[in-house]
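[1] okay, predicted coordinates and the sequence, questions at the end:
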Amino acid sequence: MTMLKRSGRPVQRVVVTGGAGFVGSWLVERLLDEGVAVVCVDNYATGSPENLAHLRDGDLTLVEADVSDGLPVEGPVDWVLH
């Protein structure tokens with residue numbers, strides 16, 4: 001179970017924009033280590049899905065999209081980290 005909390009309850013799902021970049025991939029890995037489900041939204045302009053290849057066994061969803069067009073993520077999320 002995650003140690004991260006929002007309003008007294010555990011954080012369960014986070015969207016990370018730019019999650020395939022250098023900093024974003026580190027953040028994604030850290031969140032997964034905390035037991036949080038992560039949705040990574042990236043257009044791969046500067047990042048690469050290979051930066052997340054070692055994390056594919058975790059609760060990670062990759063979405064190739066440009067966030068300036070909106071976030072194509074369905075369902076509830078606790079945080080959006082942009």
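    Sure, I can see it.

[2] where along the protein do the strands fall?
    With DSSP state E as the criterion, the chain has strands at 5-6, 9-10, 13-17, 37-42, 60-64, 79-81.

[3] for residue 53, which of these is the nearest?
    The closest of the strands of the chain to residue 53 is strand 60-64. By Cβ to Cβ, the value is 10.3 Å. The way it works is simple: take the backbone N, C-alpha and C, and place the C-beta from them, glycine included.

[4] any idea where the helices of the chain begin and end?
    Ranges of helices in the chain, per DSSP state H, are 22-33.

[5] have a look at it and report the helix or strand with the lowest mean pLDDT.
    None of the helices or strands of the chain scores lower by mean pLDDT, DSSP states H and E than strand 5-6, at a mean of 78.

[6] list the contacts of it.
    Residues from elsewhere that reach strand 5-6 (Cβ atoms under 8 Å, 6 or more residues apart in numbering): 11, 78-79.

[7] what does stretch 42-54 give?
    Residues from elsewhere that reach stretch 42-54 (Cβ under 8 Å, 6+ apart): 17-22, 24-25, 28, 40, 60, 62-67.

[8] give me the buried subset of these.
    Using 16 or more other Cβ atoms under 10 Å as the burial test, the contacts of stretch 42-54 include 17-21, 24-25, 28, 40, 60, 62-63, 65, 67 as buried.

[9] low-confidence stretches in the protein?
    Judged against pLDDT under 70, the low-scoring parts of the chain cover residues 1-2.

[10] list phi and psi for residue 57.
    Dihedral pair for residue 57: phi -80, psi -10, per degrees, to the nearest 10.
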